[in-house]
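In: whatever this is, show me its structure:
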Amino acid sequence: MSRFQKVILYFLSVTACFLIVFLVRVWQRPLGPALHIPTATPFRMPATWTPDPNSTRTPLPPSPAVSAANKYLPTITPNTGVCGAPPVMTILAIGADTRGDNYAYGLADVIRLVRVDFLNRKVTVLEIPRDLWVQIPDIADNLNGQDHEKLNQAYLYGNRGFGYTDDPAQGPGLLARTLTLNFGTQIDHYAAVNMRTFEKIVNAVGGIDVTLPETVDGRTADDPSRRLLFPAGTHHLNGTRALTLARVRIEGGFSRAENQNRVLCALRDQLTSPKVITKIPELIRSFQDAVQTDLSPEQLGQLACIGTQIPSGNIVFVSFPEEHFKQGRQFDPVFKKKVFAWDVDFQIIRDYVRQFNEGTWPGPSVEPSDDTPGEEVSICP
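Out: Residues are numbered from 1 along each chain as shown. A predicted model of the protein is given here:
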C-alpha cells in the first residue's frame, strides 16, 4: 500500500469515526427540552425557579420525606431493561384541546401517566382528572398572587401563548412540576399531542377498530348530530371519529376516560400490527415536529421495541376510585366566579400515586378487591 493510499485510508477512518459519533448523538438527542423536576418532597417549592441543566436528579423516595437537595434535574437510570432501555420509564402523556398546528395555547384535555416497565414487559396508564384544584408554580406573579387553578390550566399557562414560566419544557414542564408538587409523581419524559395531530396519527396508521360494550350517545339538545352517536359494537374509526369518541363526556369525566382508554388500546393494536410496525421510523420522522416531547429517537425506538413484546393483558388502565371524588365548586379569582372542581382528599391521591410510582398499584390481579372498592381497572382486550 502506497503512502498516499495510507493517508486516504486514515482520513476515511477518522471521518467515519466522527460520523458515527455524530449519528449516535443525534439519535440520542431529545426532540425537545428535558424536564427539570425537584428532588425534594413534593408539596414544597420555592417561589422562583432557575433550572440547573448540569446536574442529575434522583427519584423521589417511596414515601414523602424532606430532602435538603432541592434540584431541578432530569432522571438518569442505568440501561438494564430490555430493548436497551432503563428498567422503568414514566411518561406524562397530554392531549391538548387545541385544533391549531402549534402549541401556543390549549388546555390539557387528557392527562395520563404512562409507566413502562421494561423488565416485566408491562405498561400501566393512570388517568389524572383534569378538574383538580391544585397549586401551580410560577403563575402567581401573573395572576395577582393567585397560585391555584385547575390542573389542566398548568399546561395552558406554561406554553408560550401565556408564558407564565421560564421552564424550558413550557406547558408540559409546568404541568409535570405541578403534578409533582401536589401529588408526588415521578416523571421522566413527556409527550403532548394536539387534536389535529392526533387525527393525523390515527389516519396515518389506517384508522383504528374500537369495540364498545354499550352505546355511547353524546348528543345534547344544543348538538343533536348523529356524529356523537356510537352504537354498541365494533367501529372502524378515522381520526376525526376517534377524536369525537374520546371527547364525549355527557356521562361524566370517568365515563369519558373509559372511552379514551378504548381508543388508546385500539391505537396500540394498530401501531403494533405487522403492516404498521415497519412504518414506525417513518411515522416518527413525519410527526416529530408536530408533537411536544423530550423523548429522543433512540427512546422512541425503545418504546416501539417493547410495544411488540407486551401481551395485551399487560397493558393496564387505572383510575383513582370514583368514590373518593365529589362534585364541588371553587371560586376562581381569574374568572371572578365559582367553577367546577373535584372535592377529594389529596392525601388519598398521593398514596395511590406513591404505589403507582413503585409499581405496586394496581396489583397482579386487575379485578377490584374488597380492600379497594370502586377501583377502576381495565386492560387492553
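In: thought residue 346 was touching residue 183?
Out: Yes - using Cβ atoms under 8 Å, residue 346 is in contact with residue 183, at 7.0 Å. All C-beta atoms are positioned from the backbone trio N, CA, C, and that covers glycine.
In: which of the two has more residues huddled nearby?
Out: The neighbour comparison of residue 346 against residue 183 (other Cβ atoms under 10 Å) goes to residue 183, with 24 against 15.
In: what's the span of stretch 122-132, first residue to last?
Out: Chord length of stretch 122-132, first to last residue, is 28 Å (Cα to Cα, to the nearest Å).
In: equivalent analysis for stretch 319-335, please.
Out: Using Cα to Cα, the span of stretch 319-335 from its first residue to its last is 29 Å.
In: what's the distance between it and the middle of its chain?
Out: The gap between the average C-alpha position of stretch 319-335 and the chain average comes to 21 Å, counting by Cα atoms, centre = their mean, to the nearest Å.
In: tell me the mean pLDDT for that stretch?
Out: For stretch 319-335, the mean pLDDT works out to 94.
In: what sits up against that stretch?
Out: Stretch 319-335 has contacts (Cβ atoms under 8 Å, 6 or more residues apart in numbering) with 126-127, 129, 133, 143-144, 146, 148-149, 254, 257, 337-345, 348-349, 352, 372-377.
In: tell me where the model's unsure across the stretch 151-300 of the chain.
Out: 251-253, 281, 284, 288 (pLDDT under 70).
In: quick one, strands of it?
Out: 189-193, 208-212, 216-217, 229-230, 233-237, 292-293 (DSSP state E, counting those that start in this stretch).
In: picking up where we left off before, so which of the contacts of stretch 319-335 are in helices?
Out: With helices taken from DSSP state H, the overlap with these comprises 254, 257, 348, 349, 352.
In: among those, who's most crowded?
Out: Sorting those by how many neighbours each has (other Cβ under 10 Å) puts residue 257 first, at 22 neighbours.
In: from residue 139, how far out is it?
Out: Relative to residue 139, residue 257 is positioned 26 Å away (criterion: Cβ to Cβ, to the nearest Å).
In: which of the three states applies to the most centrally placed residue in the chain?
Out: Most central residue of the chain, judged by C-alpha distance to the mean C-alpha position with Cα atoms, centre = their mean, is residue 93 at 1.3 Å. Under DSSP: H, G, I helix; E, B strand; the rest coil, residue 93 falls in the strand class.
In: i'd like the first residue to be 338 from this point on
Out: With 338 as the first residue, the last one maps to residue 430.
In: model confidence for the closest residue to it other than its chain neighbours, exactly?
Out: Taking Cβ to Cβ, 6 or more residues apart in numbering, and ignoring the residues beside it in sequence, residue 430 has residue 449 as its nearest neighbour in space, at 4.3 Å. Each residue has a pLDDT score; the one for residue 449 is 96.
In: nice, that's everything, thank you.
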